[in-house]
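K.L.:
Using only what follows, build the 3D model:
(2 chains)
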There are 2 protein chains.
Amino acid sequence: MTDIRLTPLARSLPATVPFVGPETQERARGAVFDARLGANENVFGPSPRAIEAMAQAEQWMYGDPESAELRAALAAHHGCAAENIMVGEGIDGLLGYLVRLMVEPGDAVVTSAGAYPTFNYHVAGFGGTLHTVPYKGDFEDPDALFAKAAEVDAKLVYLANPDNPMGSHYSGADIANAMRSLPPRTLLVLDEAYVECAPEGTALPLPFDDPRVIRMRTFSKAYGLAGARVGYALGAADLINAFHKVRNHFGMNRAAQAGALAALEDHDYLAHVQQQIAQARDTIAAIARENGLVPLPSATNFVTIDCGRDAAFAKAVVDGLIDRGIFVRMPFVAPQNRCIRISCGTPQMLALLGRTLPAALADAEKS
Amino acid sequence: MTDIRLTPLARSLPATVPFVGPETQERARGAVFDARLGANENVFGPSPRAIEAMAQAEQWMYGDPESAELRAALAAHHGCAAENIMVGEGIDGLLGYLVRLMVEPGDAVVTSAGAYPTFNYHVAGFGGTLHTVPYKGDFEDPDALFAKAAEVDAKLVYLANPDNPMGSHYSGADIANAMRSLPPRTLLVLDEAYVECAPEGTALPLPFDDPRVIRMRTFSKAYGLAGARVGYALGAADLINAFHKVRNHFGMNRAAQAGALAALEDHDYLAHVQQQIAQARDTIAAIARENGLVPLPSATNFVTIDCGRDAAFAKAVVDGLIDRGIFVRMPFVAPQNRCIRISCGTPQMLALLGRTLPAALADAEKS
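P.N.:
Coordinates of the predicted model:
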């Protein structure tokens, strides 16, 4: 074959990656990070029961393509039907399927400027036209998102609550109120990846079969199973059923299904982790203040810190931390990119952060 | 949202599944199978070193999106560059990405009637037009496949060597010879999922950067890691690089990457499993002959058995085995569907098969 006969759409796409992995940076610097605080992973790890369940799983067998046990447990947990739940290869995988189902070249999609890049990657990947609205302060702006969706007749509008990368949140009731102005032909993709780290009342208080919204949840954050790749979507049964048209039915790792099930059932461990996350947020905020920076309130497992200057300065701080062995990231888009973002770490990791940040800041001041 | 605004293509697709999972059948019958011999899983399991590596993996971290360690080991194993290798969520996942990259509505794709349904599922899922040629006896027919590809200007032509569901194989040299008639604008998708179960010389003996072909390999069969979901594609660097345009970069389970790496490095265990597979094939063949059936030669981890009658009879035999607690499957398309397909099992499982098959056959005779 002389030329690769890519589709015109594929030909137009860059070979890209929404995020550079920390391992890539470790290979480039020739050393592993001393503290891995950049990807909002859960350093406290999964429930020991999840670890045990994964170790016991017989990986010679394909996973159940229906994830039936996990879906049944999730249905009981949320008080909905299994038909309202689609388990998939992380929220990333589910977002890809959803965009594929609904977006073709020219279709309009709305998100906030600086929100989740992987969603944008999927929209571009299926030829959609992405429209953005700015954040309102450090918050996504549901009213502006839904107004833009009406203006461009968006098929999808993406909103994360709590928000990444800013850590801000609305009450679920506020989102439900704002949804009164959601255009009737637009589906709300409500990314609740961090909701287990947020105050009570943050989850959307509407029935799971409300056809206006699909909710995304994950075992990667509070449940500590980012490496296992287990997410799920909650939505109306006919929307959930549409995933069967395109999904990789045997794509779910068998041990991951078992691990997620065990993690879901270990309520005490989740409560313990939620407490550790809250403590870590306080510690990060204190470190920020000690260094003259402003920690933003967080309903997630990270704290976004306003460095009070421009993006170049924040970038210099991030680079200074990375050079000193601390993996962190920062928002992509102005004005959020005046900030850096620190994932909740163990007390040891955060002590290292506390010792390292002054030098990174001093270098950034000089640069 | 009143209606789900699926794309016209998505609207046209059925909500389907290429294979019903054995767990679904177990739930329907209210009991687990006594022998799981239908999905060509490797009952001998993965290397103990793979099990240990998966247990040690820290699943709170996302997997390396580059699968760099595994790709480096695979490159050394195959004597190619890491740039010739794409690791993905099983061959199923990789086939989906490949079809997405190259096939849009109306594009022609060629395969054998009765070959891998999941490939066909992906082609349909991206709107491709599937053209088929019949098997030639119990073999796929490369000459007919490539002639059809020329006739319809196919972007992709799929060929499995060894073949599933028939277990037959060609030497790699024969495939390379047949490729002289591969149309210059058609990419050969050579599925070598079972090649580690086949005689020496079955793998295609062409350089991995040959732009005419992309090879699919997996850790699901001889390496015993079906549940882990690790496959890889071998091909020219620019074709491999195109996967970065559409793949789910963080889709690989972290423990699965570690398990595959450990499995790859345990040569002794692979040799041991290959021996167990060969013995099991002989046992299945003997059981078939004892029951007056004809086992086909197999270069895989299953044996296809010619029941000597029509599809209805073979289906009755399959149902009789399933009813008696033995999970097996059969080919989908005539004339291959005169056969049933039995995966290699442990001696205990095959002893159960030997005790059960006469009754299943007797029932089928009566039906």
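
K.L.:
How is chain A partitioned into domains?
P.N.:
By the record's domain assignment, chain A is partitioned as A:8-44+A:268-366, A:48-266 (automatic domain parsing).

K.L.:
Pick the most deeply packed of the ones you listed.
P.N.:
Neighbour counts (mean count of other C-beta atoms under 10 Å in any protein chain shown) averaged over each of the domains of chain A peak at domain A:48-266, with a mean of 22. All C-beta spots, glycine's among them, are computed from the backbone N, C-alpha and C.

K.L.:
ok, back up a step: which among the domains of chain A is found nearest to B:F219?
P.N.:
Comparing these against B:F219 with C-beta to C-beta, the closest turns out to be domain A:48-266 (9.5 Å).

K.L.:
tell me what the lengthiest helix in chain A is packed against?
P.N.:
The longest helix of chain A (DSSP state H) is helix A:267-290. Judged by 3 or more C-beta pairs under 8 Å, 6 or more residues apart in numbering or on different chains; DSSP states H and E, helix A:267-290 is in contact with strand A:294-295, strand A:302-306, helix A:347-366.

K.L.:
same thing but at 10 Å, please
P.N.:
When contacts are defined as 3 or more C-beta pairs under 10 Å, 6 or more residues apart in numbering or on different chains; DSSP states H and E, helix A:267-290 sits against helix A:48-56, helix A:254-265, strand A:294-295, strand A:302-306, strand A:339-343, helix A:347-366.

K.L.:
what is the rounded mean pLDDT of the last one?
P.N.:
This points to helix A:347-366. Mean pLDDT, helix A:347-366: 97.

K.L.:
Then stretch A:145-165?
P.N.:
For stretch A:145-165, mean pLDDT is 98.

K.L.:
anything in that stretch sitting right up against chain B?
P.N.:
Yes: contact of stretch A:145-165 with chain B (C-beta under 10 Å from any C-beta of the partner chain) involves A:153-156.

K.L.:
among those, which are in strands?
P.N.:
Among the residues of stretch A:145-165 next to chain B, the residues falling in strands (DSSP state E) are A:L156.

K.L.:
For chain A, just list every one of the helices.
P.N.:
Counting by DSSP H, the helices of chain A are A:8-12, A:22-29, A:48-56, A:68-78, A:90-102, A:117-125, A:142-152, A:172-178, A:237-242, A:254-265, A:267-290, A:311-323, A:347-366.

K.L.:
and these as JSON lines, adding distance to B:L70?
P.N.:
Shown next, in JSON lines, are these (distance: least, C-beta to C-beta, whole Å):
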{"stretch": "helix A:8-12", "distance to B:L70": "25"}
{"stretch": "helix A:22-29", "distance to B:L70": "12"}
{"stretch": "helix A:48-56", "distance to B:L70": "19"}
{"stretch": "helix A:68-78", "distance to B:L70": "26"}
{"stretch": "helix A:90-102", "distance to B:L70": "19"}
{"stretch": "helix A:117-125", "distance to B:L70": "22"}
{"stretch": "helix A:142-152", "distance to B:L70": "40"}
{"stretch": "helix A:172-178", "distance to B:L70": "41"}
{"stretch": "helix A:237-242", "distance to B:L70": "33"}
{"stretch": "helix A:254-265", "distance to B:L70": "17"}
{"stretch": "helix A:267-290", "distance to B:L70": "30"}
{"stretch": "helix A:311-323", "distance to B:L70": "25"}
{"stretch": "helix A:347-366", "distance to B:L70": "27"}
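
K.L.:
among those helices, which is nearest B:A160?
P.N.:
The closest of the helices of chain A to B:A160 is helix A:254-265. By C-beta to C-beta, the value is 23.7 Å.

K.L.:
quick one: average confidence on the closest one?
P.N.:
Mean per-residue pLDDT for helix A:254-265: 98.

K.L.:
any idea how far A:A31 is from A:E23?
P.N.:
12 Å (C-beta to C-beta, to the nearest Å).

K.L.:
Same check on A:G172?
P.N.:
For A:G172, the distance to A:E23 - C-beta to C-beta - is 36 Å.

K.L.:
Let's check: the centremost residue of chain A is which one?
P.N.:
In chain A, the centroid-proximal residue (C-alpha atoms, centre = their mean) is A:A193; its distance is 5.2 Å.

K.L.:
how about the nearest residue to that one, chain neighbours excluded?
P.N.:
Of all residues not flanking A:A193 in the chain, A:T218 sits nearest, at 4.8 Å (C-beta to C-beta, 6 or more residues apart in numbering or on different chains).

K.L.:
hang on, the one you found packs against A:Y194?
P.N.:
Yes: at 8.8 Å, A:T218 counts as touching A:Y194 under the criterion of C-beta atoms under 10 Å.

K.L.:
Which elements pack onto the helix or strand of chain A with the lowest mean pLDDT?
P.N.:
Lowest by mean pLDDT, DSSP states H and E among the helices and strands of chain A is helix A:22-29, with a mean of 94. Counting contacts by 3+ C-beta pairs under 10 Å, 6+ apart, helix A:22-29 packs against strand A:35-36, helix A:311-323, strand A:326-327, helix B:68-78.
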